[in-house]
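Based on what follows, work out the 3D shape:
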Amino acid sequence: MNLFRSLILDGFLAILFTVVIPAPSAWSVEFVADQLTQIGDRTYRGSLFCKDDRWRIEHNSPGSVDVTIVRKDKGLMWLLSARLKQFQTLPVDQDAGLFFHPTLGNEIVREVIGAETLDGHPVTVSQITVREGEQNTVYYQWWANDLQLPLRVARRDGAWILQFKNVRLRSVSAQMFELPLNYRPTGP
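Predicted structure coming up:
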């Protein structure tokens, strides 16, 4: 079985679901955080590096892909296997955005439902209805007012939860989003 095909069978959504919702492209941010993704009863851990329209997830959960680099500026994503020194290139939808944008894109309704402290930061909790294709999907967002980032986003139906912890606003080197020179493409 192809190395990267096994990833699809075992949690590919943990990597890709962060690029599902369209978001405005004029917003800019640089930060580093621990990323926790819960899908059903499985939790995926990673280190997230973000710089504007590109991000890198270093996966800390067992799997065949060690690093995912998303380059919206190039319209692609690289899945890297450090053990094999190989990568696979996949397209990225140019309308896609991460869940750390101020708006989730295609928002129909945003309702503030509370305020609390999460991971030491004051947050505003909102319920957001988003138009996705022919249906509406409801999300909850915990927006950190001091960081100007969400610390948690969850689907109301409980399908998944994305959480950022230990967020550090800082400059991130552009080199973090480049393909390593000693890696070769997979497959024919």
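
so who does L149 touch?
Contact analysis of L149 by Cβ atoms under 8 Å, 6 or more residues apart in numbering lists V29, F31, F100, W143, F164, V167. Where C-beta positions appear, they are placed from N, C-alpha and C, glycine not excepted.

ditto for F31
Applying Cβ under 8 Å, 6+ apart, the residues contacting F31 are L48, C50, L147, L149, V167, R168, L169, R170, V172.

Going by distance to T124, which of the contacts of L149 wins?
W143 (4.8 Å; Cβ to Cβ).

Okay, and the closest one sits in which element?
Using DSSP states H and E, the element containing W143 is strand 135-144.

Name the strands paired with that strand and say parallel or antiparallel.
Taking DSSP bridges as the criterion, strand 135-144 forms sheet pairs with strand 121-132 (antiparallel), strand 149-155 (antiparallel).

Tell me which of those strands sits most buried.
The highest mean neighbour count among these, using mean count of other Cβ atoms under 10 Å, belongs to strand 149-155: a mean of 21.

where do the helices sit along this structure?
When secondary structure is read from DSSP state H, the chain shows helices at 3-9, 12-16.

ok, and for the strand holding W143, which residues are buried?
By 16 or more other Cβ atoms under 10 Å, the buried positions in strand 135-144 come out as T137, Y139, Y140, Q141, W142, W143, A144.

ok, for the third one, nearest residue in space, not its chain neighbours?
In space, Y140 comes closest to A154 once its chain neighbours are excluded; the distance is 4.9 Å by Cβ to Cβ, 6 or more residues apart in numbering.

Report pLDDT for D52.
D52 is assigned 84 on the pLDDT scale.

Surely it touches R71?
No - at 10.7 Å, D52 does not count as touching R71 under the criterion of Cβ atoms under 8 Å.

okay, those two: which has more neighbours?
A side-by-side neighbour count of D52 and R71, using other Cβ atoms under 10 Å, places R71 first with 18 against 15.

pLDDT score for the more buried one?
Confidence score, pLDDT, at R71: 93.

Kindly state which of the strands paired with strand 135-144 is positioned closest to V92.
Between those, strand 121-132 lies closest to V92; by Cβ to Cβ that is 17.4 Å.
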